[in-house]
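Engineer: Could you work out the structure for the sequence below:
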Amino acid sequence: MKPGAVELRWTQALMREVAQEERAGLGLRPTDPLDPYALAEEHGIAVYTLEGLQGFEMDSAALHHFTVSSSSAWSAALVPLGTARVIVENESHIPVRRRSNIAHELGHFLLEHSFDGVILGEDHKRQFNPEQEKQAKFMAGELLVPLAAAQRMAYDGWDNARVAAAYMVSEQFAQMQMKGQRVRAQRAAQKYGFSSSGGRPRR
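Structural biologist: Coordinates of the predicted model:
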């Protein structure tokens, strides 16, 4: 943040608006799946795997630690390089987790979270404060499974497996995005007398 600048208070509505603008910038409709790697490229953010860092003097012992012996210890990081940013990801994770990892780090970038350095390892979460982590998690959700899509799928009765397959996320991630919308769909169905699996009035 620039000296003297006023910190923006990120409400969910504002963050959702940012996510919508980013998706629209890629030519996506509200219900289209998003490729987080394409969004990173759109912003000029290179994405490197840990193995790719061997060309930058990352030793093989560290690579083995993060990708084999302790692969769950670390997922991804947004790294400052002067005024530029790059993302380093753990390629040992399954594709759906890698996609959510990249979207999470892009959330930090899009919300302009400031930081002085990067921590690779179990203490990576200390790079940003808890509120920033919460915001980045929300942004990842809105980028990958946005509200408009979650609402439609909730009213159409999609289960987590179907959502996960359509948007290339884990079933746990799908549940995170769908839970609230399913409650709303069920309440609407009870109030207006239609089926939440199709939106048609009950007879």
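Engineer: Run through the neighbouring helices and strands of the longest helix anywhere in the chain.
Structural biologist: Ranked by residue count under DSSP state H, the longest helix found in the chain is helix 171-192. Contact analysis of helix 171-192 by 3 or more Cβ pairs under 8 Å, 6 or more residues apart in numbering; DSSP states H and E lists helix 130-144, helix 147-155, helix 160-167 as its packing neighbours. Every C-beta, even on glycine, is put in place using the N, C-alpha and C of the backbone.
Engineer: Need the contact partners of the first one.
Structural biologist: What that stands for is helix 130-144. For helix 130-144, the surrounding residues in contact (Cβ atoms under 8 Å, 6 or more residues apart in numbering) are 10, 12, 15-16, 18-20, 22-23, 33-34, 36, 39, 99-100, 103-108, 110-111, 113, 125, 128, 167-169, 173, 176-177.
Engineer: Keep only those of the residues you listed that are in helices.
Structural biologist: The members of the contacts of helix 130-144 that map onto helices under DSSP H are 12, 15-16, 18-20, 22-23, 36, 39, 99-100, 103-108, 110, 167, 173, 176-177.
Engineer: Would you mind listing which of these are buried?
Structural biologist: Burial by neighbour count, 16 or more other Cβ atoms under 10 Å: within the ones in helices among the contacts of helix 130-144 this picks out 15-16, 18-20, 22-23, 36, 39, 99-100, 103-108, 110, 167, 173, 176-177.
Engineer: shaky segments in the protein?
Structural biologist: Applying pLDDT under 70 to the chain flags residues 1-7, 52-73, 115-128, 194-203.
Engineer: ok, and the closest non-adjacent residue to the residue most central in space within the chain?
Structural biologist: Centre of the chain computed as the mean C-alpha position; nearest residue by Cα atoms, centre = their mean is residue 140, 2.1 Å away. Leaving aside its sequence neighbours, residue 140 sits nearest to residue 103 (Cβ to Cβ, 6 or more residues apart in numbering; 3.9 Å).
Engineer: Isn't the one you found up against residue 36?
Structural biologist: Yes - between residue 103 and residue 36 there is a contact under Cβ atoms under 8 Å: 4.4 Å.
Engineer: on that earlier part again, now the residue nearest to residue 140: how far from residue 15?
Structural biologist: Residue 103 sits at a distance of 13 Å from residue 15 (criterion: Cβ to Cβ, to the nearest Å).
Engineer: Residue 155 too?
Structural biologist: Using Cβ to Cβ, we find residue 155 at a distance of 23 Å from residue 15.
Engineer: likewise residue 145?
Structural biologist: The gap separating residue 145 from residue 15 is 14 Å, by Cβ to Cβ.
Engineer: for residue 74, same thing?
Structural biologist: With the distance defined as Cβ to Cβ, residue 74 ends up 25 Å from residue 15.
Engineer: Residue 156 now?
Structural biologist: Relative to residue 15, residue 156 is positioned 25 Å away (Cβ to Cβ).
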